[in-house]
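Visitor: What shape does this take:
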Amino acid sequence: MSVSIPTTSALSPSQLVPSTHPTVSKMLQRLSRPSLLSLVLDWLDEKNQEITAPYLLGPDEDPDEQDPYPACSSLGELREIYSDLQARKGSKRDVVDRIVEGDWRDGLTLYQLAMADMQYLYDHPTSQKWSALKIVPLAPPSPSAKPATVPRFHPSTFLQNLQREVLPDVKAHYNLDRHATLPLWILRIYIIDSPYNTPLALSSKAGMAPLSFDSSRLFYVAFPDASPYIYVSLTTASAPSPGSLSDNRSLRRLTLEGIPKAFSRPRERYRLEGTGLSARNLHALCESRGGGRTNAAGGGWSVYADEERRDNPLDMTVHLPTPESQMGESDEEGSAEKPPQVRGMKRRREDDEGVVQRRKLVAQGRFGNSARFGDGKGIERLDIRLEDPFPAPVSLPSGSSPDGDLDRGARRGERRKGRRSTIDQELDRHKEEEDDAEGSWRPDIRITFQGAHLFAGIRALVEAGVVDGEKMPGWMTGEEGVSVGVVREGRIRGGRGNAL
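Guide: Next up, the predicted model:
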């Protein structure tokens with residue numbers, strides 16, 4: 001007889017989920033056959049046997065002849081079987097059936113399900129939408145305070161602190177994994193509204209909610225190296241599952257609120273602040289909000305953020321051309337054939353070589369080395385709201401004349417002879433601002449750019465002459481590093497909103 005006592009500890013990674021649970025087959029079916037076989041071989045590794053051990057025959061047991069998938073007696077036999085499956089072609093369904101009905105017939109652990117989920121995330125990098133949040137001090141630093149430092153992220157210490165911040169009647173399973181190609185850690189959090197960390201939390205007995213793995217219970221948090229930012233996956237579920245005993249979105253919010261508390265230390269408290277940047281591409285987030293990218297250095301300014309370049313915009317040294325470079329340029333100019341000149345046209349042709357070359361130079365100056373197709377750093381959506389006042393008409397209104405304005409200015413000067421006080425100047429300035437605000441009309445204009453790599457698309461439009469690259473605002477180049485923003489007086493502000 002076992003006794004389950006409510007506790008504040010997390011779910012053990014060795015907790016078994018029955019192989020008959022529909023979620024087990026669903027999570028395995030999402031993977032491709034090569035990824036699934038590679039994952040199974042990782043399960044059969046010696047270092048993972050404490051939490052991924054398969055069903056094996058004992059020394060005194062005989063295999064069941066009626067069993068469609070006879071059990072093996074050693075890990076070596078299983079490795080040979082799955083290695084043979086890797087070498088030959090076959091269906092994915094046969095591999096899944098062998099896992100759930102044969103070699104792991106007793107069930108899969110939470111760690112195995114987390115590994116399968118992470119493998120799907122690596123195979124489909126754009127399956128999640130990420131939002132970048134900044135870790136900032138809870139209180140604004142004083143001018144005499146020491147320079148701001150990046151909160152230190154130590155995986156084991158952070159997980160212990162995060163577990164203490166979670167409510168005692170909520171249990172979560174944490175799985176931390178290092179990304180293979182990007183400099184970041186990914187934390188997978190699965191939430192269960194149960195006070196137990198025993199198999200009772202995963203059961204579906206009377207009076208308890210059935211085990212569910214919907215998207216509102218599962219989310220990811222990425223921690224880039226040496227960066228004050230974190231990336232949180234956005235849930236797609238708009239309502240909790242029918243069998244849930246509580247609002248899963250509230251559980252997720254409470255867990256996210258514990259992240260800055262887990263970073264905090266005595267006399268160093270932190271909170272999360274929105275950055276206005278969301279994307280499905282982790283490469284794009286690392287490029288804009290990764291280690292050392294705490295400012296907006298995108299677009300044409302990205303050339304100075306590249307570690308391989310040593311150009312300095314403040315360098316006043318004049319670099320004279322060398323004779324070798326002059327000879328090379330003259331040879332290229334002599335060898336190039338000049339295009340035929342067309343006379344009698346009022347303006348140059350749109351496909352003129354000089355015009356095309358100038359557009360490319362303008363695009364290079366505005367975008368730098370960023371926003372190129374195939375760089376793997378695309379942002380899919382940009383939402384902009386314009387809040388600039390509507391421009392006033394140039395023509396004078398009826399019944400008014402410039403002389404009238406001069407007369408009013410003269411009368412105002414007659415009333416205010418002598419030196420004006422600072423208070424009067426400030427009051428007049430506020431009154432003029434109020435008059436301008438009352439008399440100006442601000443239309444509600446919202447612009448949405450959408451595409452696989454929208455900034456690369458805008459760059460292509462500049463090179464094609466569709467968009468004027470010289471008059472184009474800076475936020476269309478991606479230099480601000482936001483995907484949601486508000487434009488006022490020609491300048492963009494990142495949409496802060498609610499960080500959680």
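Visitor: For the strand or helix carrying L461, list every residue counted as buried.
Guide: Assigned by DSSP states H and E, L461 belongs to helix 454-464. Going by neighbour count (16 or more other CB atoms under 10 Å), the buried part of helix 454-464 is 454-463. In this view, the C-beta of every residue, glycine as well, is placed from N, C-alpha and C.
Visitor: With pLDDT and distance to A116 as new columns, can the residues you listed be given to me in JSON lines?
Guide: Putting the buried residues of helix 454-464 into JSON lines (pLDDT from 0 to 100; distance: CB to CB, whole Å) gives the following:
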{"residue": "L454", "pLDDT": "92", "distance to A116": "33"}
{"residue": "F455", "pLDDT": "93", "distance to A116": "34"}
{"residue": "A456", "pLDDT": "93", "distance to A116": "33"}
{"residue": "G457", "pLDDT": "94", "distance to A116": "35"}
{"residue": "I458", "pLDDT": "94", "distance to A116": "38"}
{"residue": "R459", "pLDDT": "93", "distance to A116": "39"}
{"residue": "A460", "pLDDT": "94", "distance to A116": "39"}
{"residue": "L461", "pLDDT": "94", "distance to A116": "42"}
{"residue": "V462", "pLDDT": "94", "distance to A116": "44"}
{"residue": "E463", "pLDDT": "93", "distance to A116": "44"}
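Visitor: Relative to G76, which of the residues you listed is nearest.
Guide: G76 lies nearest to A456 out of the buried residues of helix 454-464, by CB to CB, at 50.3 Å.
Visitor: So that closest one sits against F373, correct?
Guide: Yes - with contacts counted by CB atoms under 8 Å, A456 reaches F373, the gap being 4.8 Å.
Visitor: what secondary structure does T275 sit in?
Guide: At T275 the chain is in strand, as set by DSSP: H, G, I helix; E, B strand; the rest coil.
Visitor: Quick check: can you list the domain ranges of the protein?
Guide: Recorded structural domains for the chain (assignment: automatic domain parsing) are 19-106, 130-294, 350-388+443-494.
Visitor: Neighbours of D84, how many?
Guide: Around D84 there are 10 other residues, counting by other CB atoms under 10 Å.
Visitor: now Y270
Guide: 19.
Visitor: The nearest residue to it once chain neighbours are set aside and L272: what is the separation?
Guide: Once flanking residues are discounted, Y270 sits nearest to P260: 4.2 Å by CB to CB, 6 or more residues apart in numbering. Going from P260 to L272 by CB to CB, to the nearest Å gives 5 Å.
Visitor: sorry, back to before: and which of the buried residues of helix 454-464 is nearest L138?
Guide: F455 (34.3 Å).
Visitor: For the buried residues of helix 454-464, could you give me JSON lines that also reports distance to K171?
Guide: Below are the buried residues of helix 454-464 laid out as JSON lines (distance: CB to CB, whole Å):
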{"residue": "L454", "distance to K171": "41"}
{"residue": "F455", "distance to K171": "42"}
{"residue": "A456", "distance to K171": "44"}
{"residue": "G457", "distance to K171": "45"}
{"residue": "I458", "distance to K171": "47"}
{"residue": "R459", "distance to K171": "48"}
{"residue": "A460", "distance to K171": "50"}
{"residue": "L461", "distance to K171": "51"}
{"residue": "V462", "distance to K171": "53"}
{"residue": "E463", "distance to K171": "54"}
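Visitor: Which pair of those spans the longest distance?
Guide: Once CB to CB is applied, those give L454 and E463 as the farthest pair, at 15.1 Å.
Visitor: Next, the residues that contact the helix holding L461 from outside, please.
Guide: Residues outside helix 454-464 that contact it (CB atoms under 8 Å, 6 or more residues apart in numbering): 356, 359-360, 362-363, 366-367, 370-373, 375, 378-382, 449, 451, 467-469, 472, 476-478.
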